[in-house]
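> show me how the following folds:
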Amino acid sequence: MRFLSLKASQSGSSPLIPIALFVVGFVLICTTLSARAATKAEIYGHVKAGTVLVVAIDDKTNSVSLGSGFLVNGDGLLITNAHVLEDSSRLLVYVGNQEVYSNPAIVAVDPDRDLAAIRIPLSSAPALTLAGQPSPEGNDVMAVGYPRLTDVLNMGFALHPTIVPGTMNGIIQGRSRTTYRFAPFVQVTGHINQGSSGGPLVDLTSGEVIGMVVLQVPYLERARDRNGAGIGSVMIRSGIGYAIPTTVIRQWLAENQLLAEGQSSLPAAASMGELLPSADRSFVTGHIVFTIAQVLPKDSDLYNLALYHYEAAMALRPHDPRVLRHIGMAYAALGRFDDAIRAMGEALDKEPESAMLAYELGLAQEAKGLTSDALLTWQNFLAYAKTAHDAQGWQLKIQEAVTRTTIAAVPSLAGATPVSTKER
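Modelled structure (predicted):
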């Protein structure tokens, strides 16, 4: 600044110019310092101060549910997961590890989105800022909450929130908690434990909340003795966690007229594109689940999960023959043969050269007891699509099926009803 002032005076400029330059420089320096002030330590301190412990007590069953939450405005409004409050007869909220609020007002609960809003009297704890869009993939994030609190207290330690570092993986497609409709989630890598539910997931670059921690993925690891023999299974945290995006939270708050401080009523339109369902993603997810279900026979839960994803894809592309074909196969695996015949029949109208589809449709008809219809489907295919692109192997299976069913089906061929009126 001294150089600028000296230069200005030598050129005969007004003495106000050095003063103006000094002011501008001072502002720039202060701005730089304020930007640098947002260190990780300061972000940690701010977020920890705005994170609360939620204790839900069920006096009927003498059970206690422990979860986390965080303040979103200066009027004492805080949010957490709905599942933390379920079946509770009374609540306690611990703020700043020093204040206790008994039976605070429950303002709104949404079991499907797994969101709940609670209001406590005005507190000195800071409100956390909800981000208006997802963080870039690869950003450093942290989850703050009260995981494994009973273990911590049993060891004699005082109440204190825990920080879990992680990495932003992106927005993934999931399903809601009770109606199983499409729902977006933030996926992170980081060892999030039980008790973190309802706590904030914070981007360490912006210091803003990008999600509410909702669950983590456990897996069973086979425990072995020193000789390698299996002695049981141990549940281990996989290091993969999920959070409800703040875009969803902000929209939910707006719907309930509970806007967070400084936030617009709805998420930015540009950020919502990443949260929309994808037919291709749903189909591919259903396909891999269905493939696993075929390897593990009679696992109806997996088949139903595959069907869920296929139906999500079909809702977006209702006449896609690929989706129709695979959803029909899922219906057949679950014994829903009427649905299977309808879906695969429509698919075969669109892909009359698909030998695999003709074979699977015939099997569904046969399983339904419509042997003559199955035989007609296979015979029509063999007469129509002699050079199908997927005929290798499947065409042979169809010929074997025709041979197997011809004798039984001949007496009732006259009454058979073709699945489609299209010539094959």
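> before we move on, which element is the closest residue to Q194 other than its chain neighbours in?
Counting by CB to CB, 6 or more residues apart in numbering, Q194 lies nearest to P147, which is 6.2 Å off, once chain neighbours are set aside. In this view, the C-beta of every residue, glycine as well, is placed from N, C-alpha and C. Using DSSP states H and E, P147 sits in no helix or strand.
> what confidence value was assigned to P147?
In this model, P147 is scored at 88, pLDDT.
> now do W252
What the model reports for W252 is a pLDDT of 95.
> thought it was touching R113?
Yes. Using CB atoms under 8 Å as the test, W252 is close enough to R113 to be in contact (6.0 Å).
> returning to that earlier point: need the contact list for the residue nearest to Q194.
By CB atoms under 8 Å, 6 or more residues apart in numbering, the residues touching P147 are 162, 164, 192-196.
> most neighbours of all the residues you listed, which one?
Per-residue neighbour counts (other CB atoms under 10 Å) across those peak at S196, which has 32 neighbours.
> what is the burial count for the residue nearest to that residue when sequence neighbours are not counted?
Among residues not flanking S196 along the chain, G145 sits closest, at 3.8 Å (CB to CB, 6+ apart). Residues contacting G145 under the criterion other CB under 10 Å number 32.
> one more: V284?
V284 has 13 neighbouring residues, counting by other CB under 10 Å.
> circling back to that earlier point, looking at W252 and R113, which one has more neighbours?
Per other CB under 10 Å, whichever of W252 and R113 has more neighbours is R113, with 21 against 17.
> list the contacts of that one.
R113 neighbours (CB under 8 Å, 6+ apart): 82, 176-177, 183, 244, 248, 252.
> ok, so of those residues, who is nearest V209?
Nearest to V209 out of the contacts of R113 is I244 (CB to CB; 10.6 Å).
> from what I can see that closest one touches F185, true?
Yes. With contact defined as CB under 8 Å, I244 reaches F185; the gap is 6.7 Å.
> who touches both of these two?
211, 214.
> looking at those two, which one has more neighbours?
I244 (25 against 21).
> which stretches of the chain form strands?
All strands of the chain, identified by DSSP state E, fall at 51-58, 63-71, 77-80, 90-95, 99-102, 105-110, 115-119, 140-145, 162-175, 182-189, 200-203, 209-224, 230-245.
> quick one: distance of the first one to the chain centre.
To tie it back to what came earlier, the one meant is strand 51-58. Computed by CA atoms, centre = their mean, to the nearest Å, the chain-centroid distance of strand 51-58 equals 24 Å.
> what angle sits between it and strand 115-119?
Put simply, strand 51-58 runs at 100 degrees to strand 115-119, going by axes from the mean of the first three to the mean of the last three CA atoms, to 10 degrees.
> between strand 51-58 and strand 162-175, how big is the angle?
Strand 51-58 runs at 70 degrees relative to strand 162-175, counting by the same axes, to 10 degrees.
> which residues in the chain form helices?
2-10, 16-37, 40-50, 82-85, 149-154, 246-255, 269-272, 279-295, 300-316, 321-333, 337-350, 355-367, 371-384, 391-409 (DSSP state H).
> so which of the ones you listed is nearest G76?
helix 40-50 (11.8 Å).
> now flag whichever of the contacts of P147 is closest to A279.
I192 (30.3 Å).
> for the residue lying closest to that closest one once chain neighbours are set aside, what are its contacts?
Excluding the flanking residues, the one nearest I192 by CB to CB, 6+ apart is G241, at 3.9 Å. The contact partners of G241, by CB under 8 Å, 6+ apart, come to 143, 166, 187-190, 192, 196, 213, 215-217.
> filter those residues to the buried ones?
143, 166, 187-188, 190, 192, 196, 213, 215-216 (16 or more other CB atoms under 10 Å).
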